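**Student:** This is a predicted model, with the sequence first.
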Amino acid sequence: MSETMSLHQAPAAMNPHRALWAGRIMSAFVVIALVADGAIQILAPAQIASTLQETGFALDLTRVVGPIVLACAILYAIPATAVLGAILVTGFLGGAICAHVRIGELGSPPEIIALLLGAMTWGGLYARDPRIRAILPLIR
């Protein structure tokens, strides 16, 4: 019998302990980024005024968007509400990507960051929550 793995065989499952910690680290990075974004929008809206003007949003929206971003981060960080938080974070990041596409900044750094944060949001949740892995198996 050959020692090499057939293309049709599934690889050995990832160590659950490693997957949990990888998911926690990815999720923590997402939460930190969202909290930083929300805090800047609430505490220092002048710092992002030029970006808001470029994308066509009024500076007054930071008082609304900042708390929403913080709420999404909190919901994502709490295990019982992480799925709802991930859905809301994905919607928020999708809106950010859409705003940059609308003004012709396809492939801009803010778009790429939003795309990576969205992927890390779901990747982190997938790695740390076995219920998500059961619903969305990557390999059968």
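**Tutor:** Cool, the structure landed. Residues are numbered from 1 along each chain as shown.
**Student:** Enumerate every residue touching Ala99.
**Tutor:** Each residue near Ala99 by Cβ atoms under 8 Å, 6 or more residues apart in numbering is listed here: Thr55, Gly56, Phe57. All C-beta spots, glycine's among them, are computed from the backbone N, C-alpha and C.
**Student:** quick one: Ala127 and Ala19 touch, right?
**Tutor:** Yes: using Cβ atoms under 8 Å, Ala127 is in contact with Ala19, at 4.7 Å.
**Student:** what's the worst-scoring helix or strand of the chain on mean pLDDT in contact with?
**Tutor:** When each helix and strand of the chain is scored by mean pLDDT, DSSP states H and E, helix 49-55 comes last, with a mean of 79. If you take Cβ under 8 Å, 6+ apart as the criterion, helix 49-55 is touched by Ala58, Leu59, Leu61, Thr62, Ala99, His100, Arg102, Ile103, Pro110.
**Student:** Narrow those residues to just the buried residues.
**Tutor:** Buried subset of the contacts of helix 49-55 (neighbour count, 16 or more other Cβ atoms under 10 Å): Thr62, Ala99, His100.
**Student:** what does the model give the first one for pLDDT?
**Tutor:** The model reports Thr62 with a pLDDT of 83.
**Student:** With the second one instead?
**Tutor:** Per-residue confidence at Ala99 stands at 85 (pLDDT).
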